[in-house]
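Student: Next one to model:
(chains A and B)
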Amino acid sequence: MFATRSDSPTVPARDSSSESWVKLRRLLGNWQGMTGLVLVILFFASALFAPVFATHDPNALDIPARLSGPSLAHFAGTDQLGRDTYSRVLYGGRVALQVAAIGISVSLAFGLLLGMLAGYGPRWLDNALLLFFDVIRSFPTIVMALAAVALLGPSLNLILAIVIVTTIPGYARLVRTSTMALKNTEFILAERALGAGFGRILWRHITPNVIGPMFILAAMDVPVVVTVEAGLSFLGLGVLPPTASWGSILNEGYLLIRETPWPIIAGGIPLVLTTLGFTFLGEALRDIFDPRLGKGR
Amino acid sequence: MTDMKLDRRSFLATSGAIGAAGFFGMPLFAGEAQAQAKKLTIRVDLDISILDPGYMVGGSEIETQKALLPVLVDFDVQDGVYSFRPSIYVEKFEQRDGTHYDFTLKPGFMWSNGFGELTAEDVKYSYERMKTTDWKGNFEALDHVEVTDKYSGTLVLSQPFAPFMLLGLAAGPSAILCKAAMLKVGEKFTTEIPATCGPYVFEWTPKQKLSFKANPEWTGPKPAYEEVEALIISEATAAELAYEAGEVATTQIAPATHARYIEKMPDNSAIYIAGALQYMWLGMNTENPKLSDIRVRQAIQHAVDADQIIQGAYSGTTEKSNGIICPGLVGHRKATKYTFDPAKAKALLEEAGVSGLELELKTLNLQERILAAQIIQAQLQAVGITAKVVPVDSGPFWEMGDQSKGDGYKSLELWIMRFGTSPDPQEATTWFTSDQVGVWNWERWTSEEYDNLYKQGMVESDPDKRNEIYLRMQEIMEDTGAYVWINHEPETFVHRSDLKISVIASGEMVIREFTPA
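Tutor: Now for the predicted structure:
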């Protein structure tokens, strides 16, 4: 049996619940963090409970009622095919959430694994992975997406794949740097001296120490991912019709802006609020978990 | 100090003027200049790149040619049917028989740059040259031009070709060039025409404007406007704003704008529809296993309501089509044999033993087409067919059914297609003959009768007989079950009420025929 750092009687056990409570209070006491948190909760709630909040089937056509303004029957009016814009915006949030949640979770997992392998593994592996990360990062995301869509056709899965591939290098590089800093620390050397294996060191000792900053980075990346999906859908290269997406709602609204402003307003507001919410929350979390940055700003 | 008032109209006027001026590098307050007598400012949507009729692309290049170069005949509309008339350069133009067209030019039309008078030799040089250019297809039937005297000659066709006048001469690349000037410049030019002979002279500011000023040496009828400035505004919404701000006197408009103007026309404005030489349909691959049973295809014909598509995707501004021959042309159909009947569609599917059918519906990645596809998707869903709408960019889209590009055509199922055509039925029917299978006949059916009628239609000059031929050809197409006709999208312009515009059916403006209303 191997000893770990937390098992060691010489390391005083920290009161983690009290520390977390302090951080939460700091988050709630920060207007930016509080606003971000509320907006993010709103985003999750509206997307998860879209079928409950929606007043209409988002894809049901009602051509005689096309381009009507806001009313009690249609809170945000209707689009060119008479579909309820409010319901489509809610369902569009599900697409954004799906892309953000799945895309970022998978990239986090791969970024963590590859970053630790690069940082802790042999030099040749580090060089090979760095080259791979740099190659990926050298492609502008939108250009890569356009090329992929031209080759394979638009789909939600393709958007997810593009998000995953393009965000992995960012996480992996962060993890690699942290891993390299940790791998020669005393507690890791002690583990190795005690015979801990490669996998155990990575999983039990490196991961808990590098994962915190990754979550902050992930929170900051959500708006980027959401806007990539909206951007591709705006260009008609994202989700397939009739699935609602904020980008496709904006695209339809843009072409009809002189007939009715409501689709643009209804599709634009959630995009702005979500972007703002995750950005505020991410910045507040960064200030709390890395106070040096907050003071330096 | 002057009080400033800001209402919607003045806001539009100011923002439109500033936007257009800033965006296109124009001096501000151009509107003041437009108020001067005899100057007209209009909008064109594309810049020119090649003015040589043999190698041009079309659009604003044809518009420029029509202001600067002679032609034998002009496009015309008689009782709603597309036709032609002798141009201002011509004293006489007559069809002697199926293969001979006699012409006599009016004397006294002078080429610029001292190249002398317009003669029959110029006509011979220009049209025989066309047979070796990128637009040779329009002149394929022309064998040669006989010159009788200085001003007279005969166009001799190798065989009777009924569409020759409309397809070759009245629309498209029919401008006559100066032989002497062409020989001097090595028979090639791009945007500097070596010699012009039109009511206007031309100045070009790339990416900004095309300027036409009255030609002082012109001996023909004076154009109504001494100067016409055509601002190049590619973006449709910017052009419409410029129109509403009074910066341009006319512009082409999109279907959604047309619908808005029908509800509330801008002050002092009128709508002009030049023609509707485009035809759109829902196509089906008859060789695809899912669609090889004609009853399935007929079920789709009965399941789709084109009227809903026109209302939803085109704001009710386009005409429902019943075939490929556009309104105003010989052979235009008034009705289809099938009707919108979802119950019949379900019955046909049941009879064919098909249930849970899943199909892929491909369309160009354009807003109206995607809306149309979604309406079709909903209508097919109502009869139990699940259609997946797949928007495709133009590059891969135009290769989908081309069997020289691989095996992709085999998996093609449904698609929305739109073709444009010239003001003669022959061109529209070209793409569906047996030798076009896998080229443009993506539906992949063949009919010996259709092929024979196609050949007859080319040489038949009796309008009534041509009408019968083209009606039957469309009936053959419809009977394959592979087509659901959707609409004919028009070339729609808005213009000031005090301006009478002239536009040929394919949407090109004839600036020299613009007059005050």
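Student: what's the closest non-adjacent residue to the closest residue to chain B within the stretch 1-150 of chain A?
Tutor: Taking Cβ to the nearest Cβ as the measure, the point where the stretch 1-150 of chain A comes nearest chain B is residue A:63, at 4.5 Å. To be clear about C-beta, it is placed using only N, CA and C from the backbone, and glycine gets the same treatment. Nearest non-adjacent residue to residue A:63, counting by Cβ to Cβ, 6 or more residues apart in numbering or on different chains: residue B:312, 4.5 Å away.
Student: buried set for whichever helix or strand that neighbour is part of?
Tutor: Taking DSSP states H and E as the criterion, residue B:312 maps to helix B:306-314. Buried residues in helix B:306-314, counted by 16 or more other Cβ atoms under 10 Å in any protein chain shown: B:306, B:308-314.
Student: got these as JSON lines, with pLDDT columns?
Tutor: Formatted as JSON lines, these follow (pLDDT from 0 to 100):
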{"residue": "B:306", "pLDDT": "97"}
{"residue": "B:308", "pLDDT": "96"}
{"residue": "B:309", "pLDDT": "97"}
{"residue": "B:310", "pLDDT": "96"}
{"residue": "B:311", "pLDDT": "94"}
{"residue": "B:312", "pLDDT": "93"}
{"residue": "B:313", "pLDDT": "92"}
{"residue": "B:314", "pLDDT": "92"}
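Student: wait, which of the residues you listed is closest to residue A:178?
Tutor: residue B:313 (53.5 Å; Cβ to Cβ).
Student: Could you pick out the longest helix of chain A?
Tutor: helix A:85-120 (DSSP state H).
Student: Would you mark the buried spots in that helix?
Tutor: Using 16+ other Cβ under 10 Å as the burial criterion, the residues of helix A:85-120 that qualify are A:85-100, A:102-104, A:106-108, A:110-120.
Student: what's the angle from the next helix or strand after it to helix A:85-120?
Tutor: Counting by DSSP H and E, the next helix or strand C-terminal to helix A:85-120 is helix A:123-138. Between the axes of helix A:123-138 and helix A:85-120, defined by axes from the mean of the first three to the mean of the last three Cα atoms, to 10 degrees, the angle is 150 degrees.
Student: mind listing what's buried in the helix or strand that helix A:123-138 is followed by?
Tutor: For helix A:123-138, the succeeding helix or strand toward the C-terminus, using DSSP H and E, is helix A:141-152. Residues of helix A:141-152 classed as buried: A:141, A:145-146, A:148-149 (neighbour count, 16+ other Cβ under 10 Å).
Student: With just CA atoms, put helix A:141-152 into PDB.
Tutor: C-alpha atoms of helix A:141-152 as PDB (Å, rounded to 0.1, in the frame of the first residue of the first chain):
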ATOM      1  CA  THR A 141     -11.200  27.800 -35.700                       C
ATOM      2  CA  ILE A 142     -13.700  29.200 -38.200                       C
ATOM      3  CA  VAL A 143     -11.500  28.400 -41.200                       C
ATOM      4  CA  MET A 144     -11.100  24.800 -39.900                       C
ATOM      5  CA  ALA A 145     -14.900  24.600 -39.400                       C
ATOM      6  CA  LEU A 146     -15.700  25.900 -42.800                       C
ATOM      7  CA  ALA A 147     -13.300  23.300 -44.400                       C
ATOM      8  CA  ALA A 148     -14.700  20.500 -42.300                       C
ATOM      9  CA  VAL A 149     -18.300  21.400 -43.100                       C
ATOM     10  CA  ALA A 150     -17.500  21.700 -46.800                       C
ATOM     11  CA  LEU A 151     -16.100  18.200 -46.800                       C
ATOM     12  CA  LEU A 152     -18.500  16.500 -44.400                       C
END
